[in-house]
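Novice: predicted model and sequence follow; I will ask about them next.
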Amino acid sequence: MSVSHDSTILGVETGRRRYAITPAQVDHIGLLDPKGEPSDQHGRMLICRDLGPLLGGDATTIAGRYHAITVSLRRRSVALMIDRIDSLDGEGPLEIQPLAPLLSRHLARPWFLGAVVYQGEPLLLLDLRRIATDVAIGAV
């Protein structure tokens, strides 16, 4: 799937949890077989991690193939594996609400840009670049 860098917000599911992401932070979305030797568009080996456990949830359970969000960093690319991804459209443009400073200070990791409300449900907006950077440097 090619990624449009407009104001669309995407929803991702991992385990039993749902989050929001911005396409501007994503370089590629597609299927990935983590048992092979996946590489990015520059031929560099991908660092593959399941997003669910990073966020304190369950591991992805689909055997063999995974949906992956690839984030290219300066020297490495990171594939974050998820269960499902879709567009959060239908209600018009979604407004990103920043997290309150009090809440932000108490998060285990600074991996959230804010929140959006979609169909009455608040979804945390992930900072995929920050997550990918922490994965690439081995911080998680």
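Specialist: The structure has been received and is ready for your questions. Numbers count the residues shown, from 1 in each chain.
Novice: quick one: least confident helix or strand in this structure?
Specialist: Taking mean pLDDT, DSSP states H and E as the measure, the helix or strand of the chain with the lowest value is helix 101-105, at a mean of 79.
Novice: list the contacts of that helix.
Specialist: 110, 112 (Cβ atoms under 8 Å, 6 or more residues apart in numbering). Bear in mind the C-beta positions are built from the backbone N, C-alpha and C, glycine included.
Novice: buried sites along it?
Specialist: The neighbour-count check on helix 101-105 (16 or more other Cβ atoms under 10 Å) flags nothing as buried.
Novice: what's downstream of that helix, the next helix or strand?
Specialist: Remark: after helix 101-105, the chain's next helix or strand is strand 112-118, criterion DSSP states H and E.
Novice: quick check: buried residues in that following strand?
Specialist: Judged by neighbour count using 16+ other Cβ under 10 Å, the buried positions of strand 112-118 are 112-116, 118.
Novice: chain center to it: distance?
Specialist: Here the centre of strand 112-118 is set off from its chain's centre by 13 Å, with Cα atoms, centre = their mean, to the nearest Å.
Novice: helices along the chain, start to end?
Specialist: 51-54, 101-105, 128-136 (DSSP state H).
Novice: put the alpha carbons of stretch 127-138 into CSV.
Specialist: Extracted as CSV, the C-alpha positions of stretch 127-138 are listed here (Å, rounded to 0.1, in the frame of the first residue of the first chain):
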residue,chain,number,x,y,z
ASP,A,127,4.8,8.8,17.6
LEU,A,128,6.1,6.1,15.2
ARG,A,129,9.4,7.8,14.6
ARG,A,130,10.2,7.9,18.3
ILE,A,131,9.2,4.2,18.7
ALA,A,132,11.3,3.2,15.7
THR,A,133,14.3,5.2,17.0
ASP,A,134,14.1,3.5,20.4
VAL,A,135,13.8,0.0,18.7
ALA,A,136,16.8,0.8,16.4
ILE,A,137,19.1,1.9,19.3
GLY,A,138,18.1,-1.1,21.4
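Novice: give me the contact list for it.
Specialist: The contact list for stretch 127-138, computed with Cβ under 8 Å, 6+ apart, reads 21-22, 25-26, 47, 49, 51, 54, 69, 71, 73, 75-76, 78, 80, 109-113, 140.
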